[in-house]
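K.L.:
Can you look at this prediction? I've put the sequence above it.
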There are 2 protein chains.
Amino acid sequence: MRLGTIRYSSGTRAVRLEDDGAVVLPFDDVGALLRSGSDWRTHASAAGERVGLDAVRHRPVVVAPEKVVCVGANFDRGTGEPRPRFPSLFTKFPRTLIGAGEDIDLPAPSVSEQVDWEVELAAVIGTEVRREPERTAARAIAGFTVLNDISVRDWQWRTSQIFPGKNFERTTPLGPHMVSVDEVADVGDLELSCEVDGQRVQHGRAADMIFSPAEVIAYVSTFTTLVPGDVVAMGTPPGSGVTRVPPVFLAPGQVVRSVISGIGEMSNRCVGPR
Amino acid sequence: MRLGTIRYSSGTRAVRLEDDGAVVLPFDDVGALLRSGSDWRTHASAAGERVGLDAVRHRPVVVAPEKVVCVGANFDRGTGEPRPRFPSLFTKFPRTLIGAGEDIDLPAPSVSEQVDWEVELAAVIGTEVRREPERTAARAIAGFTVLNDISVRDWQWRTSQIFPGKNFERTTPLGPHMVSVDEVADVGDLELSCEVDGQRVQHGRAADMIFSPAEVIAYVSTFTTLVPGDVVAMGTPPGSGVTRVPPVFLAPGQVVRSVISGIGEMSNRCVGPR
């Protein structure tokens, strides 16, 4: 089952995406659907008004998650470095999120010209968990989607805490839809890639993630409660612009395509300040 | 004007605190009051049901801020270190917050025995700001309150990102009330102190803050919109437990008293897991 959130009248609605259209569900977004309780799969399967795919305008799969937790440096780069003992975690405010097809707001050049891409697999939480053992933590996941953790590198590294460079408003595509976990046979088989103006800049396999979604969810649940609609982004494979020689960054007009095989793909155009 | 949020029936209500009682206002918390628009001062001045101070049970001044942004290492320690160029920022989830008088939830000893205190001045945002110059940024502040940024030191330093150690659920007292900005003549004159079981462990003056509230608000507003009810915590003076020789940490049963002269004071008891 593929579930997304679309613009609808003056607001948004959760939809079930099918091959020939989207079925409108009576929830404001996928977050509200997941918060409807353990029956969310039943609610998501209901009949409803159909919208043609041409008319679909995506918003972030979850418009305003209570939490967006991200794992940094979570891909084995084959350099033989020892596995870190703990995941490195940071957060994004919901105000960073945009939907598939929506514009990435670049800062003014006077603020930064170091905006970079980071395609990531994101788990969407469907069941509340606190102090959950790793063994059972995967059960908290409702499904998976694509996130691009667009990062403003100079602001990320101004101090030891990377939070500011990860929190520029309207920079983080999340979508186009969540694929429910029953349709993802093996997370490790998922392939992630990112293209800028049609040129592949990142590629990696989820099997190379250091910490698994279940490990990260169990770890986070030690200190806080994850709730339905929360998003856990699993880190990015090699190929970000800042790691190139010379570094490459995004410019107004460029299009970032974020793809995960079997999950979905989305394109977002970079725009400068109006 | 002193505004707080109290338990009321099965929920919470914003109140105006007076010398002989609390006046109940028709808003769920001070956050909702501030989000009511530029007339919030008028709404806060209204008549209403009176509750005796004995019956007041505080919740966090803002129960669920959209954002809690904190500045680390923001006090000049007199060591002659150069002033940092940029504030070091991190965030707390609203789930960390508790009210004056509510218990601080210590983690199980198997998770951590390194829980530490950090009394801080917190600005509460009353007016939405984005890309606000420093010169005018103080106008965004509705008032000031007290926050204790209780920190789990080992979890804070497991990786370069301190977020996990700052985000244990129900650890962060915020209150007891917000003093509106018109009643704070000079922020620099405010004195902060923290006591554990009646013994003073921290003391400092807001004049020793490296970055002012206006500077931090202007800086944050470069990348995100601050909205009414958001909380900006301004860093802690010297004296935290981990800086002592040998280090000292909190234990179940201990009481943390957080005081800012002219703003307010609150006491919170540490409790172990049930």
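P.N.:
Cool, got the structure. Numbers count the residues shown, from 1 in each chain, chains lettered A, B, ... in the order given.
K.L.:
What count of nearby residues applies to the residue lying closest to A:L25 once chain neighbours are set aside?
P.N.:
For A:L25, ignoring the flanking residues on the chain, the nearest one in space by Cβ to Cβ, 6 or more residues apart in numbering or on different chains is A:A14 at 4.4 Å. The C-beta positions use only the backbone N, C-alpha and C, and glycine is treated the same way. A:A14: 32 surrounding residues under other Cβ atoms under 10 Å in any protein chain shown.
K.L.:
Give me the distance between A:A14 and chain B.
P.N.:
Distance of A:A14 to chain B, computed by Cβ to the nearest Cβ, to the nearest Å: 22 Å.
K.L.:
Can you list the strands that the host helix or strand of that residue pairs with?
P.N.:
Assigning secondary structure by DSSP states H and E places A:A14 in strand A:11-18. Here strand A:11-18 is paired, per DSSP bridges, with strand A:2-8 (antiparallel), strand A:21-24 (antiparallel).
K.L.:
still on that earlier bit, right, and the residue nearest to A:L25 touches A:L34 too?
P.N.:
No. A:A14 is not in contact with A:L34 according to Cβ atoms under 8 Å; the separation is 9.1 Å.
K.L.:
any residues in contact with both of the two?
P.N.:
Common neighbours of A:A14 and A:L34, counting by Cβ atoms under 8 Å, 6 or more residues apart in numbering or on different chains, are absent.
K.L.:
Identify the bridge partners of the closest residue to chain B within the stretch 1-150 of chain A.
P.N.:
Scanning the stretch 1-150 of chain A for the residue nearest chain B gives A:S88, at 3.9 Å (criterion: Cβ to the nearest Cβ). Assessed by DSSP bridges, A:S88 has beta-bridge partners A:G72.
K.L.:
which residues does it contact?
P.N.:
For A:S88, counting by Cβ under 8 Å, 6+ apart, the contacting residues are A:V71, A:G72, A:A73, A:N74, B:T159, B:S160, B:Q161.
K.L.:
and the fifth one, how many residues sit next to it?
P.N.:
It stands for B:T159. 20.
K.L.:
Name the nearest residue to it, ignoring sequence neighbours.
P.N.:
A:S88 (3.9 Å).
K.L.:
any idea how far that neighbour lies from A:I141?
P.N.:
21 Å (Cβ to Cβ, to the nearest Å).
K.L.:
Now do the helices in the stretch 51-200 of chain A.
P.N.:
A:134-137, A:153-156 (DSSP state H, counting those that start in this stretch).
K.L.:
Of these, which stretch is the most buried?
P.N.:
helix A:153-156 (a mean of 20; mean count of other Cβ atoms under 10 Å in any protein chain shown).
K.L.:
Give the other helices and strands that it contacts.
P.N.:
For helix A:153-156, not one helix or strand is in contact under the criterion 3 or more Cβ pairs under 8 Å, 6 or more residues apart in numbering or on different chains; DSSP states H and E.
K.L.:
try 10 Å
P.N.:
Using 3 or more Cβ pairs under 10 Å, 6 or more residues apart in numbering or on different chains; DSSP states H and E, the elements in contact with helix A:153-156 are strand A:115-116, helix B:213-223.
K.L.:
Which positions in the stretch 1-150 of chain A make contact with chain B?
P.N.:
A:64, A:66-67, A:69-73, A:84-96, A:107-108, A:111-112, A:130-131 (Cβ under 10 Å from any Cβ of the partner chain).
K.L.:
Run through the residues that contact A:G239.
P.N.:
Taking Cβ atoms under 10 Å, 6 or more residues apart in numbering or on different chains, we find A:G239 in contact with A:F75, A:W117, A:E118, A:V119, A:L192, A:S193, A:C194, A:R200, A:V201, A:Q202, A:H203, A:G204.
K.L.:
just to revisit the earlier point, among the contacts of A:S88, name the buried ones.
P.N.:
In the contacts of A:S88, burial by neighbour count holds for A:V71, A:G72, A:N74, B:T159, B:Q161, counting by 16 or more other Cβ atoms under 10 Å in any protein chain shown.
K.L.:
separation between the third one and B:L25?
P.N.:
By that I understand A:N74. 46 Å.
K.L.:
By proximity to chain B, which residue of the stretch 101-250 of chain A wins?
P.N.:
A:T159 (3.9 Å).
K.L.:
Strands of the stretch 1-150 of chain A, start to end?
P.N.:
In the stretch 1-150 of chain A, the segments counted as strands under DSSP state E, counting those that start in this stretch are A:2-8, A:11-18, A:21-24, A:50-51, A:58-59, A:68-72, A:88-91, A:97-98, A:104-105, A:115-116, A:119-125, A:141-148.
K.L.:
buried set for the first one?
P.N.:
The neighbour-count criterion (16+ other Cβ under 10 Å) identifies A:R2, A:L3, A:G4, A:T5, A:I6, A:Y8 as the buried residues of strand A:2-8.
K.L.:
for the first one, what are its contacts?
P.N.:
In this structure, A:R2 makes contact with A:15-19, A:22, A:44, A:143, A:145, A:176-180, A:183, A:263-264, judged by Cβ under 10 Å, 6+ apart.
K.L.:
Kindly state the beta-bridge partners for it.
P.N.:
Beta-bridge partners of A:R2, as defined by DSSP bridges: A:L17, A:V179.
K.L.:
Name the nearest residue to A:Y219, sequence neighbours excluded.
P.N.:
Distances taken as Cβ to Cβ, 6+ apart place A:P87 nearest to A:Y219, at 5.9 Å, with adjacent residues excluded.
K.L.:
Check what pLDDT that neighbour gets.
P.N.:
A:P87 is assigned a pLDDT of 98 by the prediction.
K.L.:
Pretty sure it sits against A:T222.
P.N.:
No. With contact defined as Cβ atoms under 10 Å, A:P87 does not reach A:T222; the gap is 11.3 Å.
K.L.:
shared neighbours of those two, which are they?
P.N.:
B:P164.
K.L.:
Of these two, which one has the most company?
P.N.:
With neighbours defined as other Cβ under 10 Å, A:P87 and A:T222 compare such that A:P87 has more, 23 against 18.
K.L.:
Thank you kindly, that will do.
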